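Coordinates only, no sequence provided:
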């Protein structure tokens with residue numbers, strides 16, 4: 001006998017607020033008694049922007065079986081005519097440098113994961129061998145040469161894992177329907193595709209692969225699947241396209257972008273039918289590479305080509321109950337006085353700016369300002385009117401140390417409203433260094449000095465001093481002396497990033513301090529200095545600065561996970577010698593002030609960083 005629920009159905013719950021992310025499920029319906037409406041949860045599909053590639057490129061190779069949070073992209077063509085051998089790895093929020101591949105090619109194909117991938121074929125440009133037959137394997141660190149494919153080809157795609165993959169399609173002078181399987185060592189020719197094509201989409205594994213679209217004569221919307229032996233023709237896509245991206249399996253996939261013309265539309269495949277998705281790329285483009293990576297509910301594409309050039313844009317595709325909001329910098333309220341080369345400390349909602357240089361024809365200033373997360377207010381004036389100060393601590397317990405123009409070693413503490421001069425000083429007069437820690441346990445290092453012996457004289461230095469609330473003690477020297485660094489961390493776990501030698505230096509060297517010694521760690525992705533940042537030794541951030549001289553200012557952002565640097569969202573405004581609330585972790589951030597070089601102008605702009613957010617969004621149910 002049927003029970004009551006089977007006959008009458010379930011009661012709709014009455015809730016005073018919408019369910020949380022952890023407690024919600026697809027198809028859930030409830031009555032929100034506070035709002036007086038009936039609500040439910042349905043799947044949403046959308047692309048969100050993420051951090052850009054370090055090097056924009058197209059027709060690259062993807063580790064297609066990687067996930068949205070762990071994949072790689074290798075080789076490809078950057079701005080013509082450069083074909084690169086660069087590998088970049090994605091961690092879910094940004095790209096970091098991997099090991100360079102042995103052979104630079106574009107229109108190559110691959111398969112596998114971020115730590116176990118295979119790259120094959122491609123077009124090596126000026127290589128006298130013509131189309132490449134080489135293959136390579138990647139172990140997460142380095143590429144190793146492997147056995148050849150036959151024939152050499154470009155514009156093909158791959159599917160599968162490192163020990164069981166398949167490549168198909170492409171062009172060796174004619175459009176190919178050739179298929180080759182890989183057993184972990186060798187490639188061998190197997191049954192051909194039904195429709196030869198190049199620049200297609202390919203997803204899945206060796207025994208269940210999907211091919212869609214591509215260039216034939218003309219461009220096709222044909223799709224077919226491979227079962228490990230034979231290819232079977234499937235229902236066609238709604239739109240013919242080539243150079244499209246894709247991710248998923250042979251029975252559950254999504255494809256997006258492509259040409260011609262450049263497209264932003266997305267289609268999903270359920271094993272039987274292609275459907276147009278409401279999710280569209282923010283930037284219409286084609287030739288991402290040999291596809292993309294991830295699943296049919298969580299995929300990623302990056303790079304590609306648009307008219308008129310190569311791009312580095314990354315977009316993530318999500319199909320879920322949740323709304324994904326990408327991390328981004330947004331404008332905050334302006335400071336009262338535009339300037340750069342100032343001391344900055346605190347957190348995003350409780351920050352301090354002190355002193356600095358207003359810029360020609362303006363002088364140095366000793367103005368202090370506090371930020372409450374919404375507005376800046378004038379509060380307290382340091383006793384010294386100079387710039388290039390080093391500072392750390394919180395808004396109610398900060399320390400402002402040393403500085404330049406003139407170079408002084410005065411130490412001042414801050415209680416949230418007033419600066420007090422300490423009865424002791426730093427051991428070295430310098431500016432444009434780094435400081436981290438607290439008002440009673442700080443670290444002061446690097447910088448530009450005009451002192452006389454026993455210090456090194458004018459120039460960048462690697463002196464390091466610890467502060468205990470009562471004075472400064474010299475520690476072991478840094479490995480590389482430099483100035484215009486960004487500091488993060490604490491007195492016993494610090495990070496120094498970027499900077500170099502000279503009055504406006506740039507470099508990529510990074511060092512960590514363990515409370516005793518400085519050790520060189522992985523470099524930043526690019527040469528940079530005069531930026532701003534903060535966080536901890538294992539979760540640091542860096543934004544803005546100069547990649548060379550004063551005219552090469554940037555908006556670029558980076559994060560550090562304790563081992564590698566990755567790209568992160570860029571600032572809205574290029575600037576250098578800016579300041580930051582440097583106690584913030586890499587999920588939040590605050591930068592303010594700085595300069596633009598032409599004409600040289602002190603800025604009052606403030607920008608706030610908010611990391612990626614995921615929330616469950618309820619839809620109001622109606623009768624329509």
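Perfect, I can see it now. Quick caveat, the model's predicted, so the values are computed rather than measured.

Okay, now the unreliable bits of the stretch 301-450 of the chain?
Counting by pLDDT under 70, the stretch 301-450 of the chain contains low-confidence residues at 322-324, 450.

ok, 90 please
Counting by pLDDT under 90, the low-confidence segments of the stretch 301-450 of the chain come to 307-308, 319-328, 359-362, 402-409, 428-432, 448-450.

what helix or strand does residue 534 sit in?
Per DSSP states H and E, residue 534 falls inside strand 532-536.

Let me know the next secondary structure element after that strand.
Next in line after strand 532-536, if elements are assigned by DSSP H and E, sits strand 539-543.

quick check: angle from that following strand to strand 532-536?
180 degrees (axes from the mean of the first three to the mean of the last three C-alpha atoms, to 10 degrees).

need the contact list for residue 298.
Taking C-beta atoms under 8 Å, 6 or more residues apart in numbering, we find residue 298 in contact with 67-68, 316-320. Yep, even glycine has a C-beta here, placed from its N, CA and C like the rest.

Are any of these buried, and if so which?
Restricting the contacts of residue 298 to buried positions leaves 67-68, 316-319, with burial counted as 16 or more other C-beta atoms under 10 Å.

from those residues, which single one is nearest residue 148?
Proximity of the buried ones among the contacts of residue 298 to residue 148, judged by C-beta to C-beta, is greatest for residue 67, which lies at 29.6 Å.

Give the closest residue to that closest one in space, chain neighbours not counted.
residue 294 (5.7 Å; C-beta to C-beta, 6 or more residues apart in numbering).

got it, and residue 164?
Distance criterion C-beta to C-beta, 6+ apart; nearest residue to residue 164, sequence neighbours excluded, is residue 206 at 4.5 Å.

returning to what we had before: any chance of the contacts of residue 298 in a markdown table, plus distance to residue 609 and secondary structure?
As requested, the contacts of residue 298 are arranged in a markdown table below (distance: C-beta to C-beta, whole Å; DSSP: H, G, I helix; E, B strand; the rest coil):
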| residue | distance to residue 609 | secondary structure |
| --- | --- | --- |
| 67 | 25 | strand |
| 68 | 21 | coil |
| 316 | 18 | strand |
| 317 | 23 | strand |
| 318 | 21 | strand |
| 319 | 27 | strand |
| 320 | 24 | strand |
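
Leaving out sequence neighbours, find the closest residue to the most centrally placed residue in the chain.
Computing the C-alpha centroid of the chain and ranking residues by C-alpha atoms, centre = their mean puts residue 94 first, at 2.3 Å. Nearest residue to residue 94, sequence neighbours excluded (C-beta to C-beta, 6+ apart): residue 566, at 3.2 Å.

List the strands paired with the host helix or strand of the one you found, with their directions.
Here residue 566, judged by DSSP H and E, is contained in strand 565-568. Strand 565-568 has the following sheet partners, assigned by DSSP bridges: strand 557-560 (antiparallel).

ok, and what's touching the partner strand?
Against strand 557-560 from outside (C-beta under 8 Å, 6+ apart): 51, 93-94, 329, 488, 495, 497, 510, 524-525, 535, 538-544, 565-571, 586, 609.

Narrow these to those that are buried.
Burial by neighbour count, judged by 16+ other C-beta under 10 Å, picks out 51, 93-94, 329, 488, 495, 497, 510, 524-525, 535, 538-544, 565-571, 586, 609 from the contacts of strand 557-560.

which one of the buried ones among the contacts of residue 298 sits closest to residue 136?
Distance from residue 136 was checked for each of the buried ones among the contacts of residue 298 by C-beta to C-beta. The minimum falls on residue 67, at 21.6 Å.

Next up, the contacts around the closest one.
For residue 67, the residues meeting the contact criterion (C-beta under 8 Å, 6+ apart) are 293-295, 298.

Columns secondary structure, pLDDT and distance to residue 220 on top of the residues you listed, output as a markdown table?
Rendered in a markdown table, the data for the contacts of residue 67 read as follows (DSSP: H, G, I helix; E, B strand; the rest coil; pLDDT from 0 to 100; distance: C-beta to C-beta, whole Å):
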| residue | secondary structure | pLDDT | distance to residue 220 |
| --- | --- | --- | --- |
| 293 | strand | 94 | 23 |
| 294 | strand | 94 | 24 |
| 295 | coil | 95 | 25 |
| 298 | strand | 94 | 28 |
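
Quick one: those residues as JSON lines, columns for distance to residue 178 too.
Formatted as JSON lines, the entries for the contacts of residue 67 read as follows, by distance: C-beta to C-beta, whole Å:
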{"residue": "293", "distance to residue 178": "24"}
{"residue": "294", "distance to residue 178": "27"}
{"residue": "295", "distance to residue 178": "28"}
{"residue": "298", "distance to residue 178": "31"}
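
quick one on the thing from earlier: now distance to residue 401 too, for the buried ones among the contacts of residue 298, in JSON lines please.
Converted to JSON lines, those look like this (distance: C-beta to C-beta, whole Å):
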{"residue": "67", "distance to residue 401": "45"}
{"residue": "68", "distance to residue 401": "44"}
{"residue": "316", "distance to residue 401": "42"}
{"residue": "317", "distance to residue 401": "48"}
{"residue": "318", "distance to residue 401": "46"}
{"residue": "319", "distance to residue 401": "51"}
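
Outline the domain layout of this protein.
What the record gives for the chain is the domain set 4-41, 49-316, 332-610, from automatic domain parsing.

now those domains as JSON lines including distance to residue 325?
Rendered in JSON lines, the data for these read as follows (distance: least, C-beta to C-beta, whole Å):
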{"stretch": "domain 4-41", "distance to residue 325": "13"}
{"stretch": "domain 49-316", "distance to residue 325": "10"}
{"stretch": "domain 332-610", "distance to residue 325": "8"}
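
Worst mean pLDDT among those?
Averaged per stretch, pLDDT over those is lowest on domain 4-41, reaching a mean of 68.

distance between the ends of stretch 398-407?
Terminal residues of stretch 398-407 are spaced 20 Å apart (C-alpha to C-alpha, to the nearest Å).

tell me how far that stretch is from the chain's mean position?
33 Å (C-alpha atoms, centre = their mean, to the nearest Å).

which SS class is residue 184?
State at residue 184, reduced to three classes by DSSP: H, G, I helix; E, B strand; the rest coil: coil.

The closest residue in space to it that isn't next to it in sequence: neighbour count?
Across the structure, with C-beta to C-beta, 6+ apart as the measure, the residue nearest residue 184 apart from its sequence neighbours is residue 163 (3.9 Å). Residues contacting residue 163 under the criterion other C-beta atoms under 10 Å number 14.

Was I right to think residue 163 contacts residue 181?
No. Contact criterion C-beta atoms under 8 Å: residue 163 and residue 181 do not qualify, at 11.3 Å.

who's the residue nearest to residue 94 bridged to?
Here residue 566, judged by DSSP bridges, has bridge partners residue 559.

Would you enumerate the residues in contact with it?
For residue 566, counting by C-beta under 8 Å, 6+ apart, the contacting residues are 51, 91, 93-96, 525, 558-560.

ok, back up a step: show me which of the contacts of residue 298 is closest to residue 252.
For residue 252, the nearest member of these is residue 319. The distance, counting by C-beta to C-beta, is 10.1 Å.

my read: that closest one touches residue 44, true?
Yes. Taking C-beta under 8 Å as the definition, residue 319 is a contact partner of residue 44 at 7.2 Å.

Would you map the helices across the chain?
For the chain, applying DSSP state H gives helices covering 4-8.

For residue 532, give me its contacts.
With C-beta under 8 Å, 6+ apart as the criterion, the residues that contact residue 532 are 344, 486, 542-545, 578-580, 582, 591, 594.

could the residues you listed be laid out in CSV, adding distance to residue 379?
Below are these laid out as CSV (distance: C-beta to C-beta, whole Å):
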residue, distance to residue 379
344, 14
486, 25
542, 27
543, 25
544, 25
545, 27
578, 20
579, 16
580, 18
582, 18
591, 19
594, 21
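
Relative to residue 275, which of these is nearest.
Closest to residue 275 out of those is residue 543 (40.3 Å), distances taken as C-beta to C-beta.

which residues pair with the closest one across the strands?
residue 532, residue 557.

from what I can see it touches residue 530, true?
No. Counting by C-beta under 8 Å, residue 543 does not reach residue 530; the two are 11.3 Å apart.
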